[in-house]
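sequence unknown, structure follows:
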């Protein structure tokens with residue numbers, strides 16, 4: 001699909017070559033051949049290995065640490081704890097996306113234990129096995145105290161109102177049709193294939209960290225503060241990431257420990273978090289408890305919506321899961337109230353997980369909407385049509401682009417919704433009971449500050465640089481597409497350099513906003529480089545196009561030629577050689593729309609419709625998601641192939657959320673007891689049904705010049721609600737606490 005154009009910019013190619021094409025990822029060959037180097041692959045000369053000692057109580061105080069036996073083991077260099085390591089500092093309040101950290105307490109700051117698995121010491125040795133043996137040999141005595149890891153959430157403070165209009169309570173009391181229910185989502189753990197890891201190396205007061213980070217510049221800022229060194233003395237490198245799902249957005253204590261230990265021992269140190277510690281010390285999606293009340297007329301018009309929710313957080317940190325993010329604008333309703341509070345427990349601090357806030361929030365809201373449709377004896381799609389807003393009613397702003405009803409219509413046609421029999425258990429196929437469910441979804445369309453440089457070289461290549469990351473979402477490829485589109489240089493001759501804090505400032509890889517953020521910066525840099533190149537082609541002592549003006553020329557297939565002429569033109573290298581320069585360099589930047597003038601004019605979001613089919617065999621209690629259709633309105637698709645992959649992956653993750661995933665805590669010890677991939681179930685290929693993904697492809701030009709929005713998170717929003725709606729349609733059992741358990745359905 002071609003980009004829409006008005007007047008042809010100076011030097012731009014006559015026709016786009018790659019924008020909207022279904023291109024494979026340019027980093028794919030490196031990954032499938034094993035040549036992509038991840039953090040834990042790094043091996044530096046003289047490198048040592050660190051293994052943390054984890055607390056075995058969930059709350060209490062450290063009385064003593066005995067590391068004498070550990071220090072005598074083969075290969076052990078040191079065992080560090082609060083008493084013998086240079087203290088770390090806390091960070092100042094964050095500014096924008098700088099200085100952000102979820103677990104704000106530095107490691108070893110005091111002797112208090114606040115969750116099971118908290119790091120209380122760290123062993124350093126010549127091999128990982130030796131370090132593990134040393135960590136196991138450290139003896140820690142505790143004064144344990146009563147802990148709280150319970151499922152029942154209670155607010156630590158009164159509910160805080162987030163959004164309000166009209167009088168939701170009064171309107172609900174008089175509403176003819178009501179839904180009043182509580183929906184619960186459990187603690188979920190990110191579990192990317194790549195474990196969190198840090199390799200830290202010091203040289204003359206400068207530290208380099210090879211990191212598993214979704215935000216290297218923020219990581220640099222946090223580490224400089226906590227280590228007490230100038231920010232320019234901290235370099236963070238993340239060339240490849242084995243996914244993160246939000247868990248690798250902000251630094252965790254292992255990274256600070258690795259850097260501190262490397263400083264102490266005077267040698268590079270590698271610290272790889274164990275799979276068990278992934279359930280304890282690097283965040284999770286918190287447990288939520290959401291009370292939804294909907295009031296409607298018999299015709300299905302909403303008159304009241306109340307959304308009150310709690311999310312679990314740690315003793316020290318106020319992590320808020322923004323479950324009410326989409327509630328105020330999703331549907332038209334004159335009386336609305338959204339309020340929230342935190343519930344504290346002896347758990348590690350939660351963090352962002354794919355679609356934070358909106359994903360659990362939309363599970364509750366879309367489940368409530370499905371229950372309302374049943375109470376009204378109305379088709380759930382029709383109910384949503386009758387409550388479609390004409391503007392964002394929370395702030396009275398127009399939507400920059402909203403095509404939710406078209407998503408519903410297209411999805412219904414592709415899924416075959418017209419053939420749905422609404423009666424519970426009425427649809428059969430091959431001896432199975434069939435259930436169909438639908439849910440709407442939304443995710444914010446956001447953009448942050450970004451800078452980039454583009455260099456056009458004598459070899460006819462282009463080099464683009466920006467300090468963002470590719471977490472497996474296709475950022476390397478998107479940037480190559482943008483540069484190829486702006487310069488006419490073939491995509492396989494574009495070198496994309498990411499993941500290093502020495503590069504121009506780039507955005508975090510979270511919130512589905514990398515693409516939207518880098519488009520303006522990279523496009524500006526590419527145009528600036530083209531402008532510089534064409535200036536050299538038309539001026540100077542020996543120009544390739546003497547007498548021509550830059551606007552008379554363009555780049556086509558790595559060559560400069562006059563517009564409208566059939567000649568093959570002059571190779572880029574020859575243009576630069578005649579100018580006697582090595583390359584033409586351009587710089588670009590873009591400012592955030594978040595809080596800026598443009599964002600105050602519009603409500604910026606993506607939308608979609610999720611359709612799920614489940615099969616239920618009551619005789620064997622077998623429930624499966626057998627088919628899924630997702631229709632997404634997320635702006636222009638720059639590269640539909642990886643975008644579709646993002647939605648497919650999100651849907652599979654949504655199946656896990658609906659049917660499988662829950663981190664369970666042992667009430668006696670406060671430990672996550674299914675802290676492994678055998679007992680904590682995630683969706684696999686065997687659980688993945690056929691998934692049909694459609695993009696409406698409406699450019700959102702308010703957000704950026706190409707009209708593109710990110711798609712990493714919206715595919716997970718609404719998915720669990722569509723599945724539980726389908727479960728109800730098949731079985732008659734409404735599951736309001738995830739995940740769906742066979743025990744919930746045995747009486748169906």
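Thanks, I have the structure now. Owing to the predicted nature of the structure, the values given are computational and were not obtained by experimental measurement.

number of nearby residues for the nearest residue to residue 190 once chain neighbours are set aside?
Of all residues not flanking residue 190 in the chain, residue 247 sits nearest, at 3.7 Å (CB to CB, 6 or more residues apart in numbering). To be clear about C-beta, it is placed using only N, CA and C from the backbone, and glycine gets the same treatment. Residue 247 has 25 neighbouring residues, counting by other CB atoms under 10 Å.

in contact with residue 557: list those residues for me.
Applying CB atoms under 8 Å, 6 or more residues apart in numbering to residue 557 gives the contacts 488, 490.

wait, residue 503
453, 465-467, 497.

for it, helix, strand, or coil?
coil (DSSP: H, G, I helix; E, B strand; the rest coil).

can you read off the pLDDT for it?
Model confidence at residue 503, given as pLDDT, is 98.

for it, give its distance to residue 206.
17 Å (CB to CB, to the nearest Å).

quick one, strands of the stretch 51-200 of the chain?
Along the stretch 51-200 of the chain, the stretches classed as strands by DSSP state E, counting those that start in this stretch are 60-66, 76-81, 112-113, 119-125, 139-144, 160-165, 177-185, 197-203.

what does the third one contact?
Read it as strand 112-113. Applying CB under 8 Å, 6+ apart, the contact partners of strand 112-113 are 55, 57-62, 120, 142.

cool, and stretch 27-35?
By CB under 8 Å, 6+ apart, stretch 27-35 touches 36, 240, 470, 476-477.

before we move on, what about stretch 397-416?
381, 384-385, 388, 391-392, 417-418, 436, 438, 440, 442, 445, 600-605, 607-611, 613, 627, 629-633, 635, 692, 694, 696, 698-700, 702-703.

coming back round to it: residue 341: which of the contacts of strand 112-113 is nearest?
residue 59 (21.5 Å; CB to CB).

what is the burial count for the nearest residue in space to the closest one that is not next to it in sequence?
What sits nearest to residue 59 in space, not counting adjacent residues and going by CB to CB, 6+ apart, is residue 147, at 3.9 Å. Neighbourhood size, residue 147 [other CB under 10 Å]: 23.

same check on residue 150?
14.

am I right that it is in contact with residue 344?
No - Residue 150 is beyond contact range of residue 344, at 11.1 Å (criterion: CB atoms under 8 Å).

so which of the contacts of strand 112-113 comes closest to residue 538?
Using CB to CB, the contacts of strand 112-113 come closest to residue 538 at residue 120, 67.5 Å.

now do that closest one against residue 257, distance only.
11 Å.

settle it for me: which of those two has more neighbours?
Neighbours were counted for residue 120 and for residue 257 using other CB under 10 Å; residue 257 has more, 25 against 22.

show me how to select, in ChimeraX, the buried members of the contacts of stretch 397-416.
Typed into ChimeraX, the line below selects the buried ones among the contacts of stretch 397-416, using 16 or more other CB atoms under 10 Å:
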select :381,384,392,417,436,438,440,442,445,602,603,604,605,607,608,609,610,611,613,627,629,630,631,632,633,635,692,694,696,698,699,700,702,703
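
tell me which of the contacts of stretch 397-416 fall in helices.
Using DSSP state H to define helices, the subset of the contacts of stretch 397-416 located there is 381, 384-385.

so which bits of stretch 451-466 are buried?
Quick answer for stretch 451-466 (16+ other CB under 10 Å): 451-458, 460-466.

in helices only, show me those residues.
Among those, no member lies in helices (by DSSP H).

residue 651: which of the contacts of strand 112-113 is nearest?
Using CB to CB, those come closest to residue 651 at residue 58, 34.9 Å.

what's the neighbour count on the closest one?
28.

quick check: pLDDT value at the closest residue to residue 493 other than its chain neighbours.
Leaving aside its sequence neighbours, residue 493 sits nearest to residue 461 (CB to CB, 6+ apart; 4.6 Å). Per-residue pLDDT puts residue 461 at 95.

need the contact list for residue 461.
489, 493-495.

ditto for residue 581
Contacts of residue 581 (CB under 8 Å, 6+ apart): residue 536.

look up how far residue 362 lies from the closest residue to residue 191 other than its chain neighbours.
For residue 191, ignoring the flanking residues on the chain, the nearest one in space by CB to CB, 6+ apart is residue 682 at 6.0 Å. Residue 682 sits 21 Å away from residue 362, going by CB to CB.

buried set for stretch 640-650?
640, 642-650.

so what's residue 292 closest to, chain neighbours aside?
That would be residue 368: by CB to CB, 6+ apart, it lies 4.1 Å from residue 292.

quick one: the strand or helix carrying the one you found to strand 177-185, angle?
Element membership of residue 368, judged by DSSP states H and E, is helix 358-376. Helix 358-376 and strand 177-185 are oriented at 150 degrees to each other (axes from the mean of the first three to the mean of the last three CA atoms, to 10 degrees).

just the strands from the stretch 601-748 of the chain, written as ranges.
Under DSSP E, counting those that start in this stretch, the stretch 601-748 of the chain gives strands at 605-617, 622-633, 691-695.

turn those into JSON lines, including mean pLDDT.
Below are these laid out as JSON lines (pLDDT from 0 to 100):
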{"stretch": "strand 605-617", "mean pLDDT": "98"}
{"stretch": "strand 622-633", "mean pLDDT": "98"}
{"stretch": "strand 691-695", "mean pLDDT": "98"}
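
could you chop this structure up by domain?
28-36+447-590, 396-438+598-745 (automatic domain parsing).

for residue 261, find the nearest of these.
domain 28-36+447-590 (21.0 Å).

any idea how far apart the tips of that closest one sit?
29 Å (CA to CA, to the nearest Å).

host element of residue 290?
Counting by DSSP H and E, residue 290 is part of strand 288-296.

off-centre distance for that strand?
26 Å (CA atoms, centre = their mean, to the nearest Å).

partners of the helix or strand that that strand is followed by in the sheet?
Later in the chain than strand 288-296, the nearest helix or strand by DSSP H and E is strand 302-313. Sheet pairing here is set by DSSP bridges, and for strand 302-313 it gives strand 288-296 (antiparallel), strand 336-344 (parallel).

just name the most buried of these.
strand 288-296 (a mean of 24; mean count of other CB atoms under 10 Å).

pull the residues that contact that one.
With contact meaning CB under 8 Å, 6+ apart, strand 288-296 is reached by 153, 168, 171-172, 174-185, 302-312, 321, 323, 335, 343, 360-361, 364-365, 367-369, 372, 376.

same thing with stretch 623-631?
407-408, 410-411, 414-415, 434, 608-617, 647, 651, 655, 658-659, 687, 689-696, 715, 719, 722-723, 726-727, 740, 742, 745.

any quick ChimeraX command for the buried ones out of those?
Burial among the contacts of stretch 623-631 is assessed by 16+ other CB under 10 Å; the matching ChimeraX selection reads:
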select :407,408,410,411,414,415,434,608,609,610,611,612,613,614,615,616,647,651,655,658,659,689,691,692,693,694,695,696,715,719,722,723,726,727,740,745
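
where does the stretch 1-150 of the chain have low pLDDT?
Applying pLDDT under 70 to the stretch 1-150 of the chain flags the ranges 1-17.

what about the helices in it?
Assigned by DSSP state H, counting those that start in this stretch, the helices in the stretch 1-150 of the chain fall at 28-32, 68-71, 128-137.

nearest to residue 351 among these would be which one?
helix 128-137 (24.5 Å).

for that closest one, which positions count as buried?
For helix 128-137, by 16+ other CB under 10 Å, it's 128, 130-131, 133-135, 137.

run through the bridge partners of residue 181.
residue 292.

picking that back up, just want to know which of residue 682 and residue 362 has more residues nearby.
More crowded of residue 682 and residue 362, by other CB under 10 Å: residue 362, with 30 against 17.
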